[in-house]
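Trainee: My questions concern the predicted model and sequence given below.
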Number of protein chains: 2
Amino acid sequence: MNIGDVSSRSGLPAKTIRYYEDIGLIKPHRSANGYRCFAETDLHKLAFLGRARALGFTIEDCRTLMALYEDESRASADVKQLAQEHLAKIQAKIADLQAMRDTLDELVKGCAGDSRPDCPILKDLSGKR
Amino acid sequence: MNIGDVSSRSGLPAKTIRYYEDIGLIKPHRSANGYRCFAETDLHKLAFLGRARALGFTIEDCRTLMALYEDESRASADVKQLAQEHLAKIQAKIADLQAMRDTLDELVKGCAGDSRPDCPILKDLSGKR
DNA sequence: ATGAGGGTTCCAGTCAGGGGAAGGTCAAGA
DNA sequence: TCTTGACCTTCCCCTGACTGGAACCCTCAT
């Protein structure tokens, strides 16, 4: 398979696939003409990576997850711990964003949104008290 | 005021303040020795920026907000619209993260987390069906 | 005179790729 | 056979919003 094939079959842009090779996540062979030559296992890995990235795991997490996946003697506890730490980070981010949203929502509600200059949003940002 | 003073009074790192000058958000004067020389208005602007950034506005949004703030004849509708668009982006991000969290939460719950290799998290990532 | 603790500029790195240029390769059609 | 167009390759710069560090200057106290 050429890169275009794995790209459409994995859903990942060709650029991303090259990047993943660059950072050592995959190691496709090369054809005589210099083109990357992907095996089914490469495609499988790319799909794995795509799903892990879609769950928000960092590239380094993905590297670790792939290593665990390929390690037949892994302990599921290691996988679970990684996932739980990631989950905690997501939760923290959600909480941050919710706090932002709540504040902003209050401010937006209080703003007339008309042609007059008076604006509680700007008042708040400028440090009104 | 030197940069250290505005840094501690605004809560922004000196590096950040220099960066804000670099991109034209503030324009402090210079003392004879080449040091930046901040007026109260600069401090006020930095505080404004700090609060806007804390609400998740991008630097470009901040630039617009500052311009609106300084424009006595602004319409609050312009401020409100900017804030609402930002709010929508925050909402979308929250929704994305919640979807990740829910999926991940399911997977984590299903994982024994012991010394055995069997792991539903890896199974899912590898495309089990 | 020296040392600590300010300040200055400039360069490089972060994260996970995206955009685009310059050029090589391949299969099909005229 | 030639050409066209769709692939593929590497290379380098760009993103946002800073952060870290090097190398150097200024000021004040000891």
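Mentor: Structure's in. What do you need?
Trainee: What ranges does chain A have for its helices?
Mentor: Taking DSSP state H as the test, the helices found in chain A are A:3-10, A:14-22, A:40-54, A:59-70, A:76-110, A:120-125.
Trainee: Among those, show me which one is buried the most.
Mentor: Among these, helix A:120-125 has the highest mean neighbour count (mean count of other CB atoms under 10 Å in any protein chain shown), at a mean of 21. Any C-beta I mention is one placed from the backbone N, CA and C, and that applies to glycine too.
Trainee: For A:Thr64, list the residues it contacts.
Mentor: By CB atoms under 8 Å, 6 or more residues apart in numbering or on different chains, A:Thr64 lies in contact with A:Leu82.
Trainee: Would you confirm that A:Ala77 contacts B:Asp114?
Mentor: Yes: between A:Ala77 and B:Asp114 there is a contact under CB atoms under 8 Å: 5.8 Å.
Trainee: and A:Cys62, what does it touch?
Mentor: Contact analysis of A:Cys62 by CB under 8 Å, 6+ apart lists A:Leu25, A:Leu49, A:Ala52, A:Arg53.
Trainee: Now tabulate those residues in JSON lines and tack on distance to DNA strand C.
Mentor: Below are those laid out as JSON lines (distance: CB to the nearest atom of the strand, whole Å):
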{"residue": "A:Leu25", "distance to DNA strand C": "9"}
{"residue": "A:Leu49", "distance to DNA strand C": "7"}
{"residue": "A:Ala52", "distance to DNA strand C": "9"}
{"residue": "A:Arg53", "distance to DNA strand C": "5"}
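Trainee: any idea how far A:Met1 is from A:Thr16?
Mentor: Counting by CB to CB, to the nearest Å, the gap between A:Met1 and A:Thr16 amounts to 16 Å.
Trainee: Contacts for stretch A:41-59, please.
Mentor: A:1, A:6, A:9-12, A:17, A:20, A:23, A:25-28, A:61-62, A:65-66, A:69, A:86, A:90, B:97, B:100, B:103-104, B:124-127.
Trainee: redo that, cut-off 6 Å
Mentor: With contact meaning CB atoms under 6 Å, 6 or more residues apart in numbering or on different chains, stretch A:41-59 is reached by A:6, A:9-12, A:26, A:28, A:62, A:65, A:86, B:100, B:104, B:125-127.
Trainee: do stretch A:105-120 as well
Mentor: Applying CB under 6 Å, 6+ apart, the external contacts of stretch A:105-120 come out as A:Ile121, A:Asp124, B:Arg74, B:Ala75, B:Ser76, B:Ala77, B:Val79, B:Lys80, B:Ala83, B:Gln84.
Trainee: Could you list the contact residues of chain A toward DNA strand C?
Mentor: Within chain A, the positions near DNA strand C by CB under 7 Å from any atom of the strand are A:Pro13, A:Lys15, A:Thr16, A:Tyr19, A:Ala32, A:Asn33, A:Gly34, A:Arg53, A:Thr58, A:Ile59, A:Glu60.
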